[in-house]
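Participant: what would the 3D arrangement of this be:
(one chain, ligands or ions: 1)
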Amino acid sequence: AYILWQGQIMKEATAQASLFDRGYQFGDGIYEMVRLYDGQFFALQKHLERLNKSAEKLDMTLPYTSAELTHLLYQLIQKDHADNGNVYVQVTRGTSTRDHLYSRTETPILSAYLLPQKDHRQAHTSGIAAYVTEDIRWLRCDIKSLNLLGNVMAKRQAADHQCTEAIFHRDGMITEGASTNIFLVNNGTLYTHPANNFILDGITRQEVIDIAEERHINVVQEPFPKEVLAHADEAFLTGTTIEIMPIHSFTGDVQVTLPIGPITKRIQEAFTARIGITTTN
Ligand code: PMP
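Facilitator: Down below sits the predicted model:
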């Protein structure tokens, strides 16, 4: 496998990061995960815009323009002979002697490499179990930061309860999943948390809102209390790697079993059509 490392595409084993990289020392960096379908990146420009926004919010400067990065990422997958998968892009603030204070003179370091796509076909049909738990993360979840401890801890907690994803609530309101956004369906209307500092505004979330508007399905972007989950007609997750994933049950702070309903299926079909291919996994 190849890696894009400081502007060069090289064999993975050749790339060597410094122990003094601020990403390693402080989690001082950002990332993106972009899906590759049949040799084409899906919504790459939106991902690059979000990467730029994350950088701006953290007072970081990206080492390449979006056009340069697009070119480099296509070079990378060509070198890898890859048609499908996910490309992980990470940018750290750079290296410095360990000091909380950054100086703005650090040189940001970008790396990117391909990760295989897991087969989700079974779960796309039968749904997954979700574990509802308190959101203990910081107040800038809109930044796609490398600091993912709250997410990492919740994911483990979910797995220990035989669940695939953790669903967060903050002050009693549902925010998002540990690595996904969540939508509810009630009486044919979609409900999801607004894109503010409490969630990451997922690219897949944006696609679903777009699809719903196109199909005259009403979308309400307002926080809803966790108790509402227990009365939902349907619920699903969205994310680059899981696409549209039905939820068949909630455990933890909310306990209920749900059917996999018609609206979720319609959104799944519309999303697959948008990708422009007929089979996904
Ligand atoms: N929320 C969080 C916390 C995430 O980590 C992710 C995936 N990176 C998402 C939502 C979904 O975002 P996207 O649809 O852009 O993959």
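
Participant: how does the protein divide into domains?
Facilitator: 2-115, 121-275 (automatic domain parsing).

Participant: of these, which is nearest the ligand?
Facilitator: With Cβ to the nearest ligand atom as the measure, domain 121-275 is the member of the domains of the chain nearest the ligand (2.8 Å). C-beta here means a position set from N, CA and C on the backbone, and glycine is covered the same way.

Participant: ramachandran coordinates for residue 234?
Facilitator: Main-chain torsions, residue 234, degrees, to the nearest 10: phi -150, psi 160.

Participant: going forward, count from 39.
Facilitator: Renumbered: residue one is now 39, and that last one reads residue 272.

Participant: neighbours of it, how many?
Facilitator: 23 (other Cβ atoms under 10 Å).

Participant: show me what it is bridged to.
Facilitator: Using DSSP bridges, the bridge partners assigned to residue 272 are residue 223.

Participant: distance of it relative to residue 164?
Facilitator: 14 Å (Cβ to Cβ, to the nearest Å).

Participant: same check, this time on residue 285
Facilitator: Residue 285 is 11 Å from residue 164, by Cβ to Cβ.

Participant: which one of these two is surrounded by more residues?
Facilitator: Set residue 285 next to residue 164 and count neighbours by other Cβ under 10 Å: residue 285 wins out with 29 against 10.

Participant: residue contacts, the spatially closest residue to the more buried one that is not a sequence neighbour?
Facilitator: Nearest residue to residue 285 in three dimensions, chain neighbours excluded: residue 273, at 4.3 Å (Cβ to Cβ, 6 or more residues apart in numbering). Going by Cβ atoms under 8 Å, 6 or more residues apart in numbering, residue 273 touches 168, 220, 221, 222, 223, 267, 284, 285, 288, 296, 302.

Participant: how close does residue 273 get to residue 283?
Facilitator: Residue 273 is 10 Å from residue 283, by Cβ to Cβ.
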